[in-house]
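Asker: With the input below, show me the fold.
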Amino acid sequence: MGVEVLLGTPSARVIENSNLFTLAVTSRDPQTAYDILQSLIKNYPVVSEYVIGKTQLNMIDYPEFPSLPYNSTQHLKTAGVGGAIGFALGLVIVLLHALMRNTVRKETDITEKLQTNCLGSIPLVIPKGNQKDVDLSIQNSKVGTPFKESFRGLALQTVRMMEDKKVLLITATDDKEGNSTVAKNLADALTEQGKQVVLVDSSTQNPEQISQAKEEADYVLIDAPACQALAQIVPWAEQAEAILYVIRQDYT
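Answerer: Residues are numbered from 1 along each chain as shown. Prediction:
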């Protein structure tokens, strides 16, 4: 062919139990592949004469100039396969993440993981329509009955739990678990039962005020910082006689 480097890969495949074989050439350039194949056909009898003697090559199918690569990229198919693999891998990652999350997902987890009692559960309130900031209060007529009744039930459980105690500290692991919402609504629910309640906001008051509040009320509820702020919660914890620990489902 008059070239120093053969820019293609020739191959031959024998058809089993016959004297037939197939010649093929793979190259990046279709013209180069065609030229190499024609050269193979022309020179094969000459070369084979040195190996097996004089042979005659009869063509069954003549080579044709390729118009398209036989292994052309099928973009839609490739995208589909890639998408399916990505979806499967994503699903596996999500499942592993879900299995490895050591969070509280149901009431029995509180007993099993934290070795403590569950006094009640508060339903999630999802705002309707354009209501973004809903006042989550049992005094709000727009808040559903299940939310209100859950706090009234929690108030009953709190009274049983406290017995002769007065000071209840309300906290959580993280700031976004709703301990302030629980503190405010629990105070309202206890007030509905005729109890004298003082709600202490730990961000604006100091622990020394607890002693005076105990003398004036049936219950003192401390809306305390989350436990992640350990230095801030310790002075309030020293004043408390019981703790209500708020846990947001599948959060921390």
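Asker: can you pull out the strands in the stretch 101-250 of the chain?
Answerer: Applying DSSP state E, counting those that start in this stretch to the stretch 101-250 of the chain gives strands spanning 167-172, 197-201, 219-223, 242-246.
Asker: want to throw these into JSON lines with mean neighbour count and distance to Gln115?
Answerer: Backbone N, C-alpha and C define where each C-beta goes, glycine included. Listed next are the strands of the stretch 101-250 of the chain as JSON lines, based on neighbours: other C-beta atoms under 10 Å; distance: least, C-beta to C-beta, whole Å:
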{"stretch": "strand 167-172", "mean neighbour count": "24", "distance to Gln115": "17"}
{"stretch": "strand 197-201", "mean neighbour count": "19", "distance to Gln115": "28"}
{"stretch": "strand 219-223", "mean neighbour count": "25", "distance to Gln115": "23"}
{"stretch": "strand 242-246", "mean neighbour count": "18", "distance to Gln115": "12"}
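Asker: right, and these - which one's nearest Ala189?
Answerer: Of all the strands of the stretch 101-250 of the chain, strand 197-201 sits nearest to Ala189, with 9.2 Å by C-beta to C-beta.
Asker: Okay, now the unreliable bits of the stretch 1-150 of the chain?
Answerer: For the stretch 1-150 of the chain, the stretches with pLDDT under 70 are 129-132.
Asker: mind running it again at 50?
Answerer: Within the stretch 1-150 of the chain, no range satisfies pLDDT under 50.
Asker: any chance you could map the helices in it?
Answerer: For the stretch 1-150 of the chain, applying DSSP state H, counting those that start in this stretch gives helices covering 30-52, 75-100, 107-114, 145-162.
Asker: Pro123 - nearest residue in space that isn't next to it in sequence?
Answerer: Leaving out its chain neighbours, the residue that sits closest to Pro123 by C-beta to C-beta, 6 or more residues apart in numbering is Pro146, at 4.9 Å.
Asker: and that neighbour, how many residues sit next to it?
Answerer: Residues near Pro146, counting by other C-beta atoms under 10 Å, number 11.
Asker: same check, this time on the one 5 residues further on
Answerer: Neighbour count for Phe151, taken as other C-beta under 10 Å: 24.
Asker: Does it touch Lys184 like I think?
Answerer: No. Applying C-beta atoms under 8 Å as the test, Phe151 and Lys184 come out as separate, 9.6 Å apart.
Asker: what's the overlap in contacts for the two?
Answerer: Counting by C-beta atoms under 8 Å, 6 or more residues apart in numbering, Phe151 and Lys184 have no shared contacts at all.
Asker: Apart from its chain neighbours, what residue comes closest to Arg101?
Answerer: Nearest non-adjacent residue to Arg101 (C-beta to C-beta, 6+ apart): Asp250, at 7.1 Å.
Asker: dump the residue contacts of the one you found.
Answerer: 101, 103-105 are the contacts of Asp250 under C-beta under 8 Å, 6+ apart.
Asker: And the residue nearest the centre of the protein?
Answerer: Closest residue to the average C-alpha location of the chain: Val94 at 4.9 Å, with C-alpha atoms, centre = their mean.
Asker: With Arg105 as the reference, measure out to that one.
Answerer: Computed with C-beta to C-beta, to the nearest Å, the distance linking Val94 and Arg105 is 15 Å.
Asker: how about Ser72, what does it touch?
Answerer: Residues counted as contacts of Ser72 (C-beta under 8 Å, 6+ apart): none.
Asker: burial of the closest residue to Asp35 other than its chain neighbours, as a residue count?
Answerer: In this structure, Asp35 finds its nearest non-sequential neighbour in Met1, 6.6 Å apart by C-beta to C-beta, 6+ apart. By other C-beta under 10 Å, the residues close to Met1 number 11.
Asker: okay but Met1 is in contact with Gln38, surely?
Answerer: No. Using C-beta under 8 Å, Met1 is not in contact with Gln38; the gap is 9.3 Å.
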